[in-house]
Every structure is written in structure tokens, then in C-alpha cells.
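1. structure for this input, please:
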Amino acid sequence: MSVHHKVLVIGGGTAGIMVSAQLKRAKRDLDVAILEPADTHYYQPAWTLVGANAYDFDKTARPMKDVIPAGVTWIKEAATAFKPEESAVLASDGNEYTYDFLVVAPGIKIDTSLIEGLTESLDKGVVCSNYTDPKHTWEVLKNFKGGNAVFTQPTTPIKCGGAPQKICYLASDYFRKEGILDKTNVVFATPGTVIFGVPVVAKTLMNVIHRYGIHFKPYYAPVKIDSEKREVTFKSVDLDENNCLVNEGNVLNERTQGETSTIMPFDMLHLAPPQTAPDFVKNSTLANAAGWLDVNIETLQHVRHQNIFGLGDTAGLPTAKTGAAIRKQAPIVVANILKLMEADSITDMKYNGYSSCPLVTGYGKMVLAEFDYKNNFTPDPQLKKMLIFNSYKEHWRLWMLKKYMLPYLYWNKMMKGKPV
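-> Numbering: from 1, shown residues only. Sure thing, here's the model as predicted:
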């Protein structure tokens, strides 16, 4: 069976709901449909706080039916394949859904198979991840009594690139409060070269690392987890730099294996799992060479199909994959679709790569990193109304923004298509 909609949106996450809501607010009688199989919509930015017992997990979830905008058709199925030449999408119910305009925003896929042993280890025992089960992260933290607390992330892009270090800082602060930080080796090991790509923010974060005595190990890519032995194996992504270590002193029983590998024992391990575009995107003709949706990075229009747009985590954009980025992307997609309906052209609006990373550095402290494609620090002028003049520094008001204001704005503004 074939069903037609004027605008078909793939994905009921932040991006899909925002675009749908904004389209309906701009044009009330517009025929919009969302393909989304999930029953529940999660506010995932709060999962960092859930993992440190600073936010209630239940408050991050709402029924999907409650966030689908009024007047939008909800097709409770998953997209499975594209037929762009026919302006059609195949779905898990076997039906074909055709469209005049398509918005691709299915989010990102967690692929635990990309690290040996991760599938068997994740969310069991002392291996945890805020990306998959933040409540388990808190159980691991609560029961930790000292030893090696290792925090790491994969070589793939991930949603909210700062999240792996946020829980590292919160855990360190928790250990300090519990009086066990002095008998703990906190390790932050990353394939990256620096703690953060925006220099002024990186300077603050290095001060945080020194404050907690965290062993910061760049160029470390996790490749294997042995949960029975409680060991994680890292491979160097740059042999010349692999010994770069902030905060001297050996990590307990760490040992090298050959020239390229390091085996590190852990008493708790938190990691961001590897992530890719969903298979139906990655394996389609709409993907770029890296497997992400191939869109113009300024207009968000597909490079080969003018009636297809993409945004959010699945889009091939060289910026951080965050809800804050989507907040700036969605209005551009909406404006361009509405313009195309009236004329054979899009607007002159340009997305500059804006993204934002609320970097929680301890209980009651946060840094807000806002930046563009060129990693320029671009703080929102509205912060001055909160008496925050240097958001690259730790501030208690930024913590309040993270814990209270941003969730409110998300549910009551962003999800309803209102300006934020």
C-alpha cells in the first residue's frame, strides 16, 4: 500500500518533533506525518545528571503520543529504506510512504559491536554508560570504594561529545564528597588530542582535571573490554604522543602490550559506546562516504535531492551532535521547505555550525561551551540577563540553567515549535 503526505518526517526525536511543530505553527493546514516506532520520548541531556543521582530518570521520559504535535499524523513504524527518485520511503509495516518533501532525522545508532567485548559487558557489573542506562551508572558510582575509575569514549562521532567527561567530573566530585578520591585513580582516556576543541573552554577544563587529580590520557582509543578480568585495552592513535599524561603517577597496574596497546585494569568503567548513522541511512544512496546523511552543511538540503533535508545526529555536519545544534538547524529546514513550496528556491539562511555543550564540572558547577564550525567561542548574549558574563568559566547559575531551565525550555518551547 502507498500513502502520500506533503511533508514526511523520519524520526520522533528532538529534530523530528521540532521541525514538525514549527511547520504546523507556520502553516496550520499543512499535511505533516512522522515515522517513529518508539512509545517513549526521552530528554537525554539530563541523563548525565541521572548517572550522578542529581536528576530523576522518570522526569526525562514522556509518552511519544504526548509530544507528537497536534494535527501531525503519527505513523508508528520505522523507516527501512529510501527510494529518493520516486520520492518514497519504505517502512517496517511493508507500506510505502510518498512525499513532496522529506526530513531525515532518525537520530544515531549505538553499535556496541565496534568494541570487542562491549556487547557482553555493557550495563552489567561495574561497566556502565549514561548513554544506555544512567540508573546503572549511579549504582556503580554508589558502590565504588576506590581503585581505578576509568572513563573513555570511542573513535566514532557520538551524540553530546562532552558527556563522557561530564560524568568523569561528577564522579570525581562524588568521590571527593565520599572521602575516597585520594585512594582513587580517576582516568579520562580519549582518542582525541585535546580535552575540548575550543581553547578558552579547554583551559578551564584542564584546571578542573588538575583540581580532581584526573589522569588525562589523549590518543587512547578503547578496542577491547574484558569484564571478567576487569581490564580495558586501549590502542594508540598516535605512537609519538601516546605517553602524554596529565597528572603524573602510574595508574594502578597499567601495563603496555607491544608498541601500540595499553591494558588498564578497572574497578569501574564508564564509556560512551561507538555510534553510527542508522543502517538504512548508512547503506543508502543518500549517505556520504562516512555513512552520514549527505547534506549541504549551511542549508541542510541534500546535496543531490532538493526535496530532501536532514538535521540532527544523523546529518553529516562537522559540528557537535547536540540538541542545542538542532535548535539552530530546525528553523532553517522549516524556512527552506516553506520557501520551496512557493518557489523553486530556498532561503538565504545559513547554518554556521552552532552547537553548545553544557559541561558539568561538579555538583553545582558548569561551563557552557558554545561554538561554530570553526570552533569560535560564541556565547549567547542572553546569558548576561542571568548575570553570567564569562560562560567559559565554572558558574553555579549555569548549573541551574542545566538542571532546571533547559528541561523546561525543551518540553514547553522546543517540543512545541516555539522560538527559544
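
2. tell me the helices and strands packed up against the helix or strand of the chain with the lowest mean pLDDT.
-> Ranked by mean pLDDT, DSSP states H and E, the helix or strand of the chain with the weakest confidence is strand 255-257, at a mean of 77. On a contact count with 3 or more C-beta pairs under 8 Å, 6 or more residues apart in numbering; DSSP states H and E, strand 255-257 meets strand 261-265. To be clear about C-beta, it is placed using only N, CA and C from the backbone, and glycine gets the same treatment.

3. and if we set it to 10 Å?
-> Helices and strands touching strand 255-257, by 3 or more C-beta pairs under 10 Å, 6 or more residues apart in numbering; DSSP states H and E, are strand 231-236, strand 261-265.

4. direction included, what does it pair up with?
-> Paired with strand 255-257 in the same sheet, following DSSP bridges, are strand 261-265 (antiparallel).

5. give me the nearest residue to Thr40, chain neighbours excluded.
-> Excluding the flanking residues, the one nearest Thr40 by C-beta to C-beta, 6 or more residues apart in numbering is Ala61, at 5.2 Å.

6. quick one: the lengthiest helix in the chain to chain centroid distance?
-> Criterion DSSP state H: the longest helix present in the chain is helix 323-342. Taking C-alpha atoms, centre = their mean, to the nearest Å, one finds helix 323-342 lying 20 Å from the centre of the chain it belongs to.

7. so who does the nearest residue to Cys160 once chain neighbours are set aside touch?
-> In this structure, Cys160 finds its nearest non-sequential neighbour in Thr322, 5.5 Å apart by C-beta to C-beta, 6+ apart. Residues near Thr322 by C-beta atoms under 10 Å, 6 or more residues apart in numbering: 14, 45, 159-163, 312-313, 354-358.

8. tell me the domain ranges of this structure?
-> For the chain, the structural domains run 2-108+277-354, 111-274, going by automatic domain parsing.

9. I'd like the distance between Gln329 and Val72.
-> According to C-beta to C-beta, to the nearest Å, Gln329 stands 19 Å off from Val72.

10. more neighbours, these two?
-> Gln329 (27 against 21; other C-beta atoms under 10 Å).

11. residues contacting Met400?
-> Contacts of Met400 by C-beta under 10 Å, 6+ apart are Gly364, Met366, Met386, Leu406.

12. to clarify, my last question referred to Asp372.
-> Val198, Thr319, Lys328, Tyr351, Asn352, Gly353, Tyr354, Ser355, Thr378.

13. what's the answer for Thr119, then?
-> Asp111, Thr112, Ser113, Ile225, Pro273.

14. where does the last one land on pLDDT?
-> Think Pro273. If you check Pro273, the pLDDT there is 98.

15. roughly how far does it sit from Ile108?
-> 11 Å.

16. overlap of the contact sets of those two?
-> Tyr131, Thr156, Ile158.

17. now, which of those residues sits nearest Gly51?
-> The closest of the shared contacts of Pro273 and Ile108 to Gly51 turns out to be Tyr131 (C-beta to C-beta; 9.6 Å).

18. and the gap between the closest one and Thr112?
-> 10 Å.

19. name the residue in the two with the higher neighbour count.
-> Set Tyr131 next to Thr112 and count neighbours by other C-beta under 10 Å: Tyr131 wins out with 27 against 19.

20. thought the more buried one was touching Pro273?
-> Yes. Because the distance of 5.9 Å satisfies C-beta atoms under 10 Å, Tyr131 is recorded as touching Pro273.

21. shared neighbours of these two, which are they?
-> Jointly contacting Tyr131 and Pro273 under the rule C-beta under 10 Å, 6+ apart are Ile110, Leu122, Gln153, Ile158.

22. name all residues that make contact with the first one.
-> Going back to what we said before, that points to Ile110. Residues near Ile110 by C-beta under 10 Å, 6+ apart: 118, 122, 129, 131-132, 156, 158-159, 272-276.

23. partners of the nearest residue to Glu254 once chain neighbours are set aside in the sheet?
-> Excluding the flanking residues, the one nearest Glu254 by C-beta to C-beta, 6+ apart is Met264, at 4.9 Å. As for beta bridges, Met264 partners with Val232 under DSSP bridges.

24. give me the number of residues near Met264?
-> For Met264, the count of nearby residues is 25 (other C-beta under 10 Å).

25. is it true that it touches Val232?
-> Yes. Counting by C-beta under 10 Å, Val232 is a contact partner of Met264 at 5.3 Å.

26. name the residue closest to the centre of the protein, please.
-> Lys159 (1.9 Å; C-alpha atoms, centre = their mean).

27. who does that one form a beta bridge with?
-> Bridge pairing for Lys159 - DSSP bridges - gives Lys321.

28. I'd assumed Gly323 was in contact with it.
-> Yes. If you go by C-beta under 10 Å, Lys159 and Gly323 touch, sitting 9.0 Å apart.

29. shared neighbours, those two?
-> In contact with both Lys159 and Gly323: Gly13, Gln44, Pro45, Gly312, Asp313, using C-beta under 10 Å, 6+ apart.

30. what two of these are the furthest from one another?
-> Largest pairwise distance in the shared contacts of Lys159 and Gly323, by C-beta to C-beta, is 13.7 Å, between Pro45 and Gly312.

31. strands along the stretch 51-200 of the chain, start to end?
-> 61-63, 73-75, 79-83, 88-91, 96-104, 109-110, 127-128, 147-152, 184-189 (DSSP state E, counting those that start in this stretch).
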